[in-house]
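Chemist: Fold the following for me, if possible:
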Amino acid sequence: MSTNKTAKVHFADNSQCVEFNTGCHSLLDCLEQQQYDIPFQCREGYCGACRATLSEGKVIYNEEPLAFVRDGEVLLCCCKPDGDITLSFK
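Modeler: From the prediction side, this is the model:
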């Protein structure tokens, strides 16, 4: 993702959408700044508590997660969107 663009983060479960600020370190940071209560424990990709389903789009990992991540899942603590994305939470 280019440093001069923002991305839209859509939520599959409802019609909400937030802008990802390119200054945010991760999707988790961005969602917390927007007052979303996302479960997490580590912020380093090894616990899996912030797991979400990526319905559309792609993400870039800041560091490779150590927790097992299935196809179609992302760990919000250690990735950024690569363009617009759609997430759902379990």
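
Chemist: from what I can see Thr53 touches Ser88, true?
Modeler: Yes - using Cβ atoms under 8 Å, Thr53 is in contact with Ser88, at 4.6 Å. Any C-beta I mention is one placed from the backbone N, CA and C, and that applies to glycine too.

Chemist: what is in contact with these two at once?
Modeler: Counting by Cβ atoms under 8 Å, 6 or more residues apart in numbering, the common neighbours of Thr53 and Ser88 are Ala12.

Chemist: who's in contact with Gln33?
Modeler: Taking Cβ under 8 Å, 6+ apart as the test, what Gln33 contacts is 21, 24.

Chemist: now Gly72: how far from Ala12?
Modeler: Gly72 sits 12 Å away from Ala12, going by Cβ to Cβ, to the nearest Å.

Chemist: Then Lys58?
Modeler: Counting by Cβ to Cβ, the gap from Lys58 to Ala12 is 16 Å.

Chemist: With Lys80 instead?
Modeler: Taking Cβ to Cβ, one finds Lys80 at 19 Å from Ala12.

Chemist: With neighbour numbers in mind, choose between these two.
Modeler: Lys80 (20 against 15; other Cβ atoms under 10 Å).

Chemist: Could you list the low-pLDDT ranges of this protein?
Modeler: Low-confidence segments of the chain, defined by pLDDT under 70: 1-5.

Chemist: try it again with 90
Modeler: Along the chain, the parts satisfying pLDDT under 90 run over 1-6, 13-16, 21-23, 42-46, 63-64, 89-90.

Chemist: Tally up the residues packed near the residue nearest to Gly57 when sequence neighbours are not counted, please.
Modeler: Nearest residue to Gly57, sequence neighbours excluded (Cβ to Cβ, 6 or more residues apart in numbering): Ile85, at 3.3 Å. Burial of Ile85 is recorded as 22 neighbouring residues (other Cβ under 10 Å).

Chemist: from what I can see Ile85 touches Ala12, true?
Modeler: No - applying Cβ under 8 Å as the test, Ile85 and Ala12 come out as separate, 10.1 Å apart.
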